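Asks: below are the sequence and a predicted model; questions follow.
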Amino acid sequence: MPKILVDEFRMHYIDQGSGEAVVLLHGLGGNCHEWDLQLKAFSSRYRVIAPDLKGHGLSEMPTTPTYTPFDHASDVIALLDALKVEKAWVVGLSAGGFVTLAMAVLHPERLKGMVLVSTAPYLDEDTRNVGERWVQIFQSEGVMAYLSRVVKDLFTLDFFLKHPDEVQDFIDSQKHRNLSGISPSAKGNNSFDVRGELSRIKLPVLVIHGLNDRVVNPSHARRMRQALAGSEVKLFTGTGHIVNVERAREFNDTVLDFLARRGSRHVSS
């Protein structure tokens with residue numbers, strides 16, 4: 001898992017497999033390991049690139065108090081440049097979906113298509129309130145109390161109770177979370193709004209959402225489906241925010257089917 005100098009900061013990333021490039025972008029406060037249940041399945045068919053966004057995981061911290069999805073989008077484009085990837089599919093989860101949409105607005109020529117997971121074209125008041133509650137717990141009670149609250153918001157109660165090992169794995173992968181690294185991105189998300197740009201995006205798009213998502217309202221999935229010409233939507237019943245963990249097998253099959261149908265077939269190594 002190397003690091004590379006991107007726009008004068010060191011970005012940590014995973015790069016495995018071969019063929020068409022598929023970029024996986026994690027959510028706010030997360031890291032590349034949010035995609036551990038996708039890496040093997042996807043990299044058997046594609047070249048999978050999963051970075052830690054600036055201020056997250058093992059990548060370096062922002063030097064500014066605010067870091068927007070457009071800033072992160074420019075970083076990801078710079079990473080693709082450094083890795084000599086001309087075009088890629090981009091899969092964005094939650095705030096990683098903000099970054100994916102920002103890439104589609106800034107550099108549509110660099111995307112083959114995108115998969116928008118548990119995300120929205122802007123940060124609404126309900127999602128903002130969830131994030132502010134997390135920050136308050138982090139500041140007053142520490143990282144473990146914060147993660148305890150986060151997983152109860154991210155996963156459905158049914159999954160939380162029936163899959164304690166998976167929930168614990170998620171907690172273990174997120175113990176590194178550093179509020180000073182997350183905060184600039186959280187502030188940058190507050191002003192994100194590309195609703196007026198959606199009709200201009202002419203790319204293959206798959207929208208995925210859990211109908212029991214308590215972080216981002218699933219109504220955003222339907223609205224994006226209407227605004228993005230030719231897009232597809234897959235809604236998972238009984239599923240919360242982290243669809244790729246709660247419904248990993250179905251998620252993987254859905255995304256791989258979309259990539260095969262809407263893009264050129266991968267080139268075997």
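Replies: Thanks, I have the structure now. Residues are numbered from 1 along each chain as shown.
Asks: quick one, strands of the stretch 1-150 of the chain?
Replies: Taking DSSP state E, counting those that start in this stretch as the test, the strands found in the stretch 1-150 of the chain are 3-6, 9-16, 21-25, 47-51, 88-93, 111-117.
Asks: name the residues that touch the second one?
Replies: In this case it means strand 9-16. 1-5, 32, 35, 39, 43, 47-52, 54, 57-60, 75, 79, 83 (CB atoms under 8 Å, 6 or more residues apart in numbering). The C-beta positions use only the backbone N, C-alpha and C, and glycine is treated the same way.
Asks: what ranges do the helices span in the stretch 1-150 of the chain?
Replies: Along the stretch 1-150 of the chain, the segments classed as helices by DSSP state H, counting those that start in this stretch run 36-43, 69-82, 95-106, 125-141, 143-154.
Asks: check contacts around the most centrally placed residue in the chain.
Replies: Against the mean C-alpha coordinate of the chain, by CA atoms, centre = their mean, the closest residue is L93 at 2.5 Å. Neighbouring residues of L93 by CB under 8 Å, 6+ apart: L24, L25, H26, G27, G30, E34, V117, S118, T119, I242, N244.
Asks: between these, which is nearest L179?
Replies: Ranked by distance to L179 (CB to CB), the contacts of L93 are led by G30 at 13.7 Å.
Asks: what about that closest one, how many residues nearby?
Replies: Residues lying near G30 (other CB atoms under 10 Å) number 24.
Asks: how close does it sit to S18?
Replies: Remark: distance between G30 and S18 (CB to CB, to the nearest Å) = 26 Å.
Asks: please apply the same query to S140.
Replies: Counting by CB to CB, the gap from S140 to S18 is 47 Å.
Asks: those two - which one has more neighbours?
Replies: S18 (15 against 9).
Asks: what helix or strand is L256 on?
Replies: Using DSSP states H and E, L256 sits within helix 248-262.
Asks: so that helix versus strand 21-25, what angle?
Replies: 140 degrees (axes from the mean of the first three to the mean of the last three CA atoms, to 10 degrees).
Asks: for helix 248-262, give me every contacting residue.
Replies: 20, 22, 37-38, 41-42, 45-46, 89, 91, 113, 115, 204, 206, 208, 232, 234, 236, 243-244.
Asks: just to revisit the earlier point, make JSON lines out of the strands of the stretch 1-150 of the chain and add distance to D213.
Replies: Shown next, in JSON lines, are the strands of the stretch 1-150 of the chain (distance: least, CB to CB, whole Å):
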{"stretch": "strand 3-6", "distance to D213": "31"}
{"stretch": "strand 9-16", "distance to D213": "26"}
{"stretch": "strand 21-25", "distance to D213": "18"}
{"stretch": "strand 47-51", "distance to D213": "22"}
{"stretch": "strand 88-93", "distance to D213": "12"}
{"stretch": "strand 111-117", "distance to D213": "10"}
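Asks: okay if I get those strands as a markdown table plus distance to H163 and mean pLDDT?
Replies: Putting the strands of the stretch 1-150 of the chain into a markdown table (distance: least, CB to CB, whole Å; pLDDT from 0 to 100) gives the following:
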| stretch | distance to H163 | mean pLDDT |
| --- | --- | --- |
| strand 3-6 | 32 | 75 |
| strand 9-16 | 24 | 94 |
| strand 21-25 | 21 | 98 |
| strand 47-51 | 22 | 98 |
| strand 88-93 | 18 | 98 |
| strand 111-117 | 19 | 98 |
